[in-house]
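Asks: Here's my sequence, what's the structure:
(2 chains)
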Amino acid sequence: SQQGEEDPQALSIQEGENATMNCSYKTSINNLQWYRQNSGRGLVHLILIRSNEREKHSGRLRVTLDTSKKSSSLLITASRAADTASYFCATADRYNFNKFYFGSGTKLNVKP
Amino acid sequence: NAGVMQNPRHLVRRRGQEARLRCSPMKGHSHVYWYRQLPEEGLKFMVYLQKENIIDESGMPKERFSAEFPKEGPSILRIQQVVRGDSAAYFCASSPILAGDETQYFGPGTRLLVL
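Replies: Okay, the predicted model is just below:
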């Protein structure tokens, strides 16, 4: 299975702290994407990083990708209570990049 | 530009009934994907369709499940003779025809409850 796996499964921090989530996968990928899901809602796309990129920023988000270790990390800086959600990484197969594999997610709780 | 639309948002069926889930992709998107999410789990790929074509249905159960994306109208995921194990959230995503932009945009999901 190529499924990405997030680590930790759950993370609880205080508002203002940074949150780091990790994702590992098993095979060659075309790109890796991070999504957020608020409880009972759909997925919101956060950021896409391609296999030839090492780092990407978007606002308070920073994503890194290490293809040699088959891992990625998502850093949320200066977290807010509104960041409370589940975060999923999704990998797109290198040869069939329309098919996404999702991990089971990291549940982030940001306490005000 | 409206996002991906799914309806109904909630669907309750008794065992043995049929469930029909609808998905309207974003305007200009011709690729549709269906995923299933069980409680406390990630999304599992089911099927990928383009207009009038099933491209990849490797994640679809062999029986009772079918999907279509007709030339006109929404994509339909159909589950016949539902069982309790079909209870889940079903998400549809779409992506543009533009090569190189592989982001999938997700709808709000349909939560199916089988009694």
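Asks: Only C-alpha atoms from now on, for both contacts and neighbour counts.
Replies: Will do.
Asks: Where does the prediction get shaky in the chain?
Replies: You didn't pick a chain, so chain A it is. Applying pLDDT under 70 to chain A flags the ranges A:1-4, A:97.
Asks: I was after chain B.
Replies: Applying pLDDT under 70 to chain B picks out residues B:1, B:98-101.
Asks: pretty sure A:Gln9 contacts A:Phe88?
Replies: No - assessed by CA atoms under 8 Å, A:Gln9 is found out of contact with A:Phe88, at 10.4 Å.
Asks: Give me the common contacts of those two.
Replies: By CA atoms under 8 Å, 6 or more residues apart in numbering or on different chains, A:Gln9 and A:Phe88 have these common neighbours: A:Ser104, A:Gly105, A:Thr106.
Asks: ok, and which of those reach chain B?
Replies: Among the shared contacts of A:Gln9 and A:Phe88, the ones lying near chain B by CA under 8 Å from any CA of the partner chain are A:Ser104, A:Gly105.
Asks: Tell me which residues of stretch A:19-35 come out buried.
Replies: A:19-25, A:28-35 (16 or more other CA atoms under 10 Å in any protein chain shown).
Asks: that older thread, compare A:Gln9 and A:Phe88 and say which is more crowded by neighbours.
Replies: Neighbours were counted for A:Gln9 and for A:Phe88 using other CA atoms under 10 Å in any protein chain shown; A:Phe88 has more, 32 against 15.
Asks: Could you check how far the more buried one is from chain B?
Replies: Going from A:Phe88 to chain B by CA to the nearest CA, to the nearest Å gives 7 Å.
Asks: same deal with A:Ser71?
Replies: Counting by CA to the nearest CA, the gap from A:Ser71 to chain B is 17 Å.
Asks: From A:Ser68, how far out is the closest residue to that residue other than its chain neighbours?
Replies: Counting by CA to CA, 6 or more residues apart in numbering or on different chains, A:Ser71 lies nearest to A:Ser24, which is 4.3 Å off, once chain neighbours are set aside. Per CA to CA, to the nearest Å, A:Ser24 is found 11 Å from A:Ser68.
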